[in-house]
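Chemist: kindly generate the corresponding structure for this input.
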Amino acid sequence: MKIAIVAVGRLARGPETDLVRLYTDRATAAGRSLGLGPAEVIEVESRKPGKAAEAEMLRPHLVDAYVIACDERGKARTSRAFAQEIATLRDQGVRRLVFLIGGTDGLDPALVAEAKSALAFGPQTWPHALARAMLAEQIYRAVSILAGSPYHRD
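Modeler: Below you'll find the model as predicted:
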């Protein structure tokens, strides 16, 4: 199952970008034998302002995908529950899993409603660059849990 983080905006070079790349590369390498990956990041930019315009730029990347919207009103999951959800989707035959991260004002509510589920990073608000890095790390953590790696400790 391919895994993608589809996000509004482009990250400049910096530590957050390096972390995203590090964790997606690790998830890709560790996930091969599990039928997970590659893990990738797709960045889109809207030429028009607003959530609706951003949603239109995101939609082409959602075709034939199981979509999880990253949204503050979503459900927070433990790392093990997150890993189990990914494994269940893979085992159900999902071929492409997409996590959506919106722009500065978040995702268009219509896009969140269209998603299969929503994921929250907790009650705090996080900068988009950190949200990408945190999501990439959790994807890698999930893969490592499923692989039986000692990376995750309860």
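Chemist: contacts and neighbour counts: CA atoms only from here.
Modeler: Will do.
Chemist: tell me which element residue 69 falls in.
Modeler: Here residue 69, judged by DSSP states H and E, is contained in strand 66-75.
Chemist: can I get the CA coordinates of the following helix or strand past that strand in CSV?
Modeler: Later in the chain than strand 66-75, the nearest helix or strand by DSSP H and E is helix 79-91. These are the backbone C-alpha positions of helix 79-91, laid out as CSV (Å, rounded to 0.1, in the frame of the first residue of the first chain):
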residue,chain,number,x,y,z
SER,A,79,0.9,5.0,18.0
ARG,A,80,-0.1,1.3,18.3
ALA,A,81,-3.7,2.1,17.2
PHE,A,82,-2.4,4.2,14.3
ALA,A,83,-0.2,1.3,13.3
GLN,A,84,-3.1,-1.2,13.5
GLU,A,85,-5.3,1.1,11.4
ILE,A,86,-2.7,1.2,8.7
ALA,A,87,-2.3,-2.6,8.8
THR,A,88,-6.0,-3.1,8.7
LEU,A,89,-6.3,-0.9,5.6
ARG,A,90,-3.5,-2.7,3.9
ASP,A,91,-5.1,-6.1,4.7
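Chemist: which helices and strands sit right next to helix 79-91?
Modeler: Helix 79-91 is packed against helix 128-147, with contacts defined by 3 or more CA pairs under 8 Å, 6 or more residues apart in numbering; DSSP states H and E.
Chemist: which residues touch the helix it packs on?
Modeler: Outside of helix 128-147, the residues that reach it under the criterion CA atoms under 8 Å, 6 or more residues apart in numbering are 5, 11, 16-17, 19-20, 23-24, 26-27, 30-31, 34, 36, 79-80, 82-84, 86-87, 101, 103-104, 121, 150-152.
Chemist: what's the following helix or strand after the helix or strand that contains residue 6?
Modeler: Assigned by DSSP H and E, residue 6 belongs to strand 2-8. Once the chain leaves strand 2-8, the next helix or strand it forms, by DSSP H and E, is helix 15-31.
Chemist: now the angle from that next one to helix 128-147?
Modeler: Direction vectors for helix 15-31 and helix 128-147, defined by axes from the mean of the first three to the mean of the last three CA atoms, to 10 degrees, enclose an angle of 20 degrees.
Chemist: one step back: by contact count, what packs against the strand holding residue 6?
Modeler: In terms of contact count using 3+ CA pairs under 8 Å, 6+ apart, strand 2-8 is assigned the packing partners strand 39-44, helix 51-58, strand 96-101.
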